[in-house]
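S.K.: structure for the following, please:
(one chain, ligands or ions: 1)
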Amino acid sequence: MKPVLPGSAIGVLGSGQLGRMFAIAARRMGYRVHTLSPDEDTPTGQVADLEINAPYEDLDAIEKFAAAVSVVTFEFENVPAATAAAAEKCAPVRPAGHILHTTQHRLREKTFLLNAGLPITPFRRVASLAGLSQAAAELGLPAILKTADFGYDGKGQHRVASAEDFQAAWNTVAQSESVLEAFVDFEREISVVAARGSNGEFIHFGAIENQHSNGILRVSLAPARVEDSLVAQAVDIARTVLEKLEVVGVLCVEFFVTRDGRLLINELAPRPHNSGHYTVDANVTSQFEQQLRAVCGLPLGSPKQLSAAAMVNLLGDIWSKGEPNWTAATAVPNVKLHLYGKLEPRPGRKMGHITALAPTVDQALADAEQSFLAL
Ligand code: AMP
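M.R.: Next up is the predicted model:
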């Protein structure tokens, strides 16, 4: 296919912060951006040329949206498969709908990874309360019960420590098809964000180290403080995933590093990822510009990292005592503030992030935490 050149319009399904940062990258390169979601005055809509307000199930609206742009991409993976199919009738959709279909459902994703021979956390499918007890007997406890679909940021998950937790866990997953995963006593968590172009070109940002709190990413450090050989293994796995899924776009692989130094894939996200936000400030080409280049059929940019970086997420919780002190936070000169334009700061909601750049990751982390504490 011919490349989609600057000046063309790109459609983004979804309207959160990932779409916003994508739209900023796209507009900087002279593209127009249309976004569609059920919401109004959204993080993406605020910086897009056109914000369309329609449910994802309104397939007529989806077709009209796709017909007005040169390529459609998405910013979150829970777009229904029928929506991607409707868009595909009128414009190329990248990454393709089948990738969404695989990655938006934990069982399909894990089955794909198993078939690809890649290392994943031991799991069992669970479809009933009795099935949960059976799965727990096979896997051992503790374990985590997760809904098979539409789960993110630790939502729809329940830790199971003993048989007494079965009923509460089953209630949390809304008594639907779910997955029981062995609890991994990990040494740390890392991710690899990578991009694949329409001609098969592949780039990656190396390994990123992630710390979560209550199932939500809190801090990312780049580069991760792990051995080079582990980075190489993680990148190899990411490359296999992007190639086997024939991704055109960006994909993130999240891993657990076990205490004996093995990698286990936790999950995939077929889009730019929170752990890659530092690339906006620290790299020659950010994850969002790589997504843009990939979906437009342009050559990928250099992923070279120009400075060590630490990113700290800003959740709605920090508004609990009123507006955070932005003046104090921005007084740390090597810290960059990103806010997503969300109107309501609810607890656990991702409102923005800060990125600190410094000669070492440890210094970047200290500076990011200093800025965060000043909030
Ligand atoms: P998820 O939404 O599945 O990525 O889970 C969010 C976070 O919860 C992960 O990044 C881990 O910190 C923790 N977590 C999820 N699954 C497991 C597991 N099987 N073992 C240990 N920790 C987990």
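S.K.: which one is the spatially most central residue of the chain nearest to, not counting chain neighbours?
M.R.: By Cα atoms, centre = their mean, the chain has its centre lying nearest to His273, at 3.1 Å. The shortest distance from His273 to any non-neighbouring residue, by Cβ to Cβ, 6 or more residues apart in numbering, is to Cys252 (3.4 Å). C-beta coordinates here come from the backbone N, C-alpha and C atoms, glycine included.
S.K.: circling back to that earlier point, could I get the contacting residues of the residue nearest to the centre of the chain?
M.R.: The contact partners of His273, by Cβ atoms under 8 Å, 6 or more residues apart in numbering, come to 191, 193, 250, 252, 254, 287.
S.K.: quick check, the second one in contact with Pro272.
M.R.: Meaning Val193. Yes - using Cβ atoms under 8 Å as the test, Val193 is close enough to Pro272 to be in contact (7.0 Å).
S.K.: between the two, which contacts overlap?
M.R.: Residues touching both Val193 and Pro272 (Cβ under 8 Å, 6+ apart): 250, 252, 287.
S.K.: nearest to Ser213, of the residues you listed?
M.R.: Distance to Ser213 across the shared contacts of Val193 and Pro272 (Cβ to Cβ) is lowest for Cys252, with 18.9 Å.
S.K.: may I have the beta-bridge partners of the closest one?
M.R.: Val193, Ala269 (DSSP bridges).
S.K.: now it: how far from the ligand?
M.R.: 11 Å (Cβ to the nearest ligand atom, to the nearest Å).
S.K.: can you check Leu114 too?
M.R.: In this view, Leu114 and the ligand are 15 Å apart by Cβ to the nearest ligand atom.
S.K.: what is whichever strand or helix holds that residue packed up against?
M.R.: Using DSSP states H and E, Leu114 sits within helix 106-115. Applying 3 or more Cβ pairs under 8 Å, 6 or more residues apart in numbering; DSSP states H and E, one finds that helix 106-115 contacts helix 97-103, strand 178-182, strand 263-269.
S.K.: give me the contacts around stretch 126-135.
M.R.: Applying Cβ under 8 Å, 6+ apart, the contact partners of stretch 126-135 are 124-125, 143, 145, 160, 163, 166-167, 169-170, 175, 177-180.
S.K.: with stretch 58-70 instead?
M.R.: Contact partners of stretch 58-70, identified using Cβ under 8 Å, 6+ apart, comprise 4, 8-11, 13, 34, 36, 52, 54-56, 72, 82-83, 86-91, 93.
S.K.: for it, buried residues please.
M.R.: The neighbour-count check on stretch 58-70 (16 or more other Cβ atoms under 10 Å) flags 58-59, 61-63, 65-66, 69-70 as buried.
S.K.: check stretch 71-91 too.
M.R.: By 16+ other Cβ under 10 Å, the buried positions in stretch 71-91 come out as 71-80, 83-84, 86-88, 90-91.
S.K.: ok, now stretch 272-291?
M.R.: 272-283, 285-291.
S.K.: tell me the phi and psi of Gln370?
M.R.: phi -60, psi -40 (degrees, to the nearest 10).
S.K.: ok, it - contacts?
M.R.: Here Gln370 is in contact with Val332 (Cβ under 8 Å, 6+ apart).
S.K.: just to revisit the earlier point, Serialize the helices and strands packed on helix 106-115 to CSV and add fields for distance to Leu298, mean pLDDT and mean neighbour count.
M.R.: Formatted as CSV, the helices and strands packed on helix 106-115 follow (distance: least, Cβ to Cβ, whole Å; pLDDT from 0 to 100; neighbours: other Cβ atoms under 10 Å):
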stretch, distance to Leu298, mean pLDDT, mean neighbour count
helix 97-103, 20, 93, 20
strand 178-182, 38, 95, 24
strand 263-269, 22, 97, 21
